[in-house]
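Asker: here is the input, now give the coordinates:
(one chain, ligands or ions: 2)
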Amino acid sequence: MPNHILAKHISAYVGKEVTLKGWVYNIRKSGKIWFLIFRDGTEFIQCVVLKDQVPDGVFELKSTLTQESSLAVSGIVQEAPRQEAGYEILVNNIEIYHISEEYPIALKEHGVEFLLDKRHLWLRSRGPYAILKIRAELEQACRDFFNERDFTLVDSPMFTPNAAEGSTTLFETQYFDRKAYLTQSGQLYSEAAIMAHNRTYCFGPCFRAEKSKTRRHLTEFWMIEPEMAFYDIHDDMDLAEEFVEYLVQRALNKCRRELQILERDISKLESVKRPFPRITYDEALKILHKKGLELSWGEDLGAPHESAISEDFDRPVMIWRWPAASKAFYMKRDPEDERYVLGVDMIAPEGHGEIIGGSQREEDIKVLLERIEKEQLPKEDFEWFLDLRRFGSVPHSGFGLGLERTVGWICGTHHIRECIPWPRTMVRLKP
Ligand code: 4AD
Ligand code: MG
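Answerer: Ligands and ions are numbered 1, 2, ... in the order given. The predicted model follows:
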């Protein structure tokens, strides 16, 4: 066992001597006392250095220590209700590992492009630190939610022979002597997996050659996709809202400190309780018309439309029953009106946009074949998918939740590129 503790466990050591190992976040000096704001990747702790309590050499470190120098700090833990962390350290000794060169990210405002170029260092700053901690907690929550509900994790492949979500955003790659595509969604594979496991989910990166430079699009993002046999669109929506409520509750229960670092308005998250409002696409159009945002029937909603609709609600809203032309080939036709499909989008509050896309799936091979022909999809590549409708076809449904958009909403982050450790966009492939 190492002889140091992690800063997050400091509350268990009040009145005792501990050693912490980490980095200098900041230093404040005033005469016979100086303060080291220390971080070790689990908490930010103020360490108090008093001239008459430490050897001279340690006190003089105030002029040699630089931001991001690495060190071991030993001292007595004290309660400090006025400190964010609630505790501080009265320092006895400091040992240096490395004196950092001049750190490019000073504790002042920098342009976001500069910070993204320095992402390998920017990860250490308070904001990115808190966001990635919340992301990690939510990833775990995604797995817990489905594992607790009889779902089996069945991973889908990253290399695929065909498009799942439209050919315009496919990344093509050389695959020996032919072409392959990076997956846009694991859904089609999950549709096969549920015939073996009844309820499944897959969770991994998805790739889309999005030419848009919006604050909601990445070219590489993570999606969690549950798929359920014998679920209709209503069961699908019930599960989606239960899942999203669960994720928000997890953040509220486990990530208070990180949400505080991000200065997130917690009350906005506390109102995220089931049931979520459900409106049809046609009702959404009416709301938009009232707000003076015109959209002709059949067109997909854009970011301004989604924001306008989310304004009216204090929790996510589900828009369902979409015009067939605006949605993917695999969605089930509404038996009551052929012009519609049983698809659903969930729109996050506060203008964070669509976090979930899902649907009941077309289980009738004839209808599916018509859609494949109409959209001129290569039928040979979908033969295996059609088999699922030949051998014990069942009604089924599923959805995909975009991890970064969900993290962005829960954290209150402006741009989703901050919600993934190493963002990939149309204009960014480095570091
Ligand atoms: O609505 P989408 O395209 O749905 C599907 O891919 C379905 N096959 C999912 C399913 O039913 N199993 O994408 C689902 C979600 C979106 O709501 C959004 O949150 C996220 O994935 N998403 C993106 N996130 C970041 N950058 C992008 N370029 C994204 N494209 C989709
Ligand atoms: Mg969608």
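
Asker: give the contact list for Ser74.
Answerer: Applying CB atoms under 8 Å, 6 or more residues apart in numbering, we find Ser74 in contact with 17-20, 91-94. Just so you know, the C-beta spots here come from the backbone N, C-alpha and C atoms, and that holds for glycine as well.

Asker: list only buried entries from these.
Answerer: 18-20, 91-92, 94 (16 or more other CB atoms under 10 Å).

Asker: which one of these is nearest Pro2?
Answerer: The closest of the buried ones among the contacts of Ser74 to Pro2 turns out to be Thr19 (CB to CB; 8.9 Å).

Asker: surely that closest one touches Ala72?
Answerer: Yes - with contact defined as CB atoms under 8 Å, Thr19 reaches Ala72; the gap is 5.6 Å.

Asker: now do the shared contacts for the two.
Answerer: Common contact partners of Thr19 and Ala72 (CB under 8 Å, 6+ apart): His4.

Asker: quick one on the thing from earlier: just the closest of the buried ones among the contacts of Ser74 to Glu227, please.
Answerer: So of those, ranked by how close each gets to Glu227 (CB to CB), first place is Leu20, at 45.6 Å.

Asker: tell me how far the closest one lies from ligand 1.
Answerer: Leu20 sits 37 Å away from ligand 1 when distances are taken as CB to the nearest ligand atom, to the nearest Å.

Asker: just to be sure, that residue is in a strand?
Answerer: Yes - Leu20: assigned to a strand according to DSSP: H, G, I helix; E, B strand; the rest coil.

Asker: show me what contacts it?
Answerer: Counted by CB under 8 Å, 6+ apart, Leu20 has contacts 4-7, 10, 38, 40, 45, 47, 72-74, 89.

Asker: so who does His9 touch?
Answerer: Thr42.

Asker: relative to Tyr87, how far out is it?
Answerer: Separation of His9 from Tyr87 (CB to CB, to the nearest Å): 10 Å.

Asker: same check, this time on Gly357
Answerer: Distance from Gly357 to Tyr87, by CB to CB: 44 Å.

Asker: got it, and Thr280?
Answerer: In terms of CB to CB, Thr280 sits 53 Å off from Tyr87.

Asker: what about the two, which has more around it?
Answerer: Legend: neighbour count by other CB atoms under 10 Å for Thr280 and Tyr87, higher for Tyr87 (19 against 15).

Asker: now the more buried one, nearest residue through space, not along the chain?
Answerer: Nearest residue to Tyr87, sequence neighbours excluded (CB to CB, 6 or more residues apart in numbering): Ile10, at 4.8 Å.

Asker: burial check on the one you found, number of neighbours?
Answerer: By other CB under 10 Å, the residues close to Ile10 number 22.

Asker: check what pLDDT it gets.
Answerer: pLDDT for Ile10: 97.

Asker: and stretch 48-60, how far apart are its ends?
Answerer: Stretch 48-60 has an end-to-end distance of 14 Å (criterion: CA to CA, to the nearest Å).

Asker: I should have written stretch 95-102 there, sorry.
Answerer: Span of stretch 95-102 from end to end, CA to CA: 20 Å.

Asker: quick one: contacts of that stretch?
Answerer: 21, 23-24, 61, 64-72.

Asker: of these, buried ones?
Answerer: 21, 23-24, 61, 65, 67-69, 71.

Asker: on that earlier part again, export the contacts of Ser74 to a markdown table and tack on pLDDT and distance to Phe203?
Answerer: Output for the contacts of Ser74, formatted as a markdown table (pLDDT from 0 to 100; distance: CB to CB, whole Å):
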| residue | pLDDT | distance to Phe203 |
| --- | --- | --- |
| Glu17 | 97 | 43 |
| Val18 | 98 | 37 |
| Thr19 | 98 | 38 |
| Leu20 | 98 | 34 |
| Val91 | 98 | 44 |
| Asn92 | 97 | 46 |
| Asn93 | 97 | 45 |
| Ile94 | 98 | 43 |
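
Asker: which one of those residues is nearest to Trp34?
Answerer: Val91 (9.4 Å).

Asker: doesn't Val48 make contact with the closest one?
Answerer: Yes - between Val91 and Val48 there is a contact under CB under 8 Å: 6.3 Å.

Asker: between the two, what contacts are shared?
Answerer: Gly75.

Asker: now distance to Pro128, pLDDT and secondary structure too, for the buried ones among the contacts of stretch 95-102, in a markdown table please.
Answerer: What follows is the buried ones among the contacts of stretch 95-102, written out as a markdown table (distance: CB to CB, whole Å; pLDDT from 0 to 100; DSSP: H, G, I helix; E, B strand; the rest coil):
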| residue | distance to Pro128 | pLDDT | secondary structure |
| --- | --- | --- | --- |
| Lys21 | 21 | 98 | strand |
| Trp23 | 14 | 98 | strand |
| Val24 | 17 | 98 | strand |
| Leu61 | 27 | 96 | helix |
| Leu65 | 23 | 96 | coil |
| Gln67 | 16 | 97 | coil |
| Glu68 | 14 | 98 | coil |
| Ser69 | 20 | 98 | coil |
| Leu71 | 22 | 98 | strand |
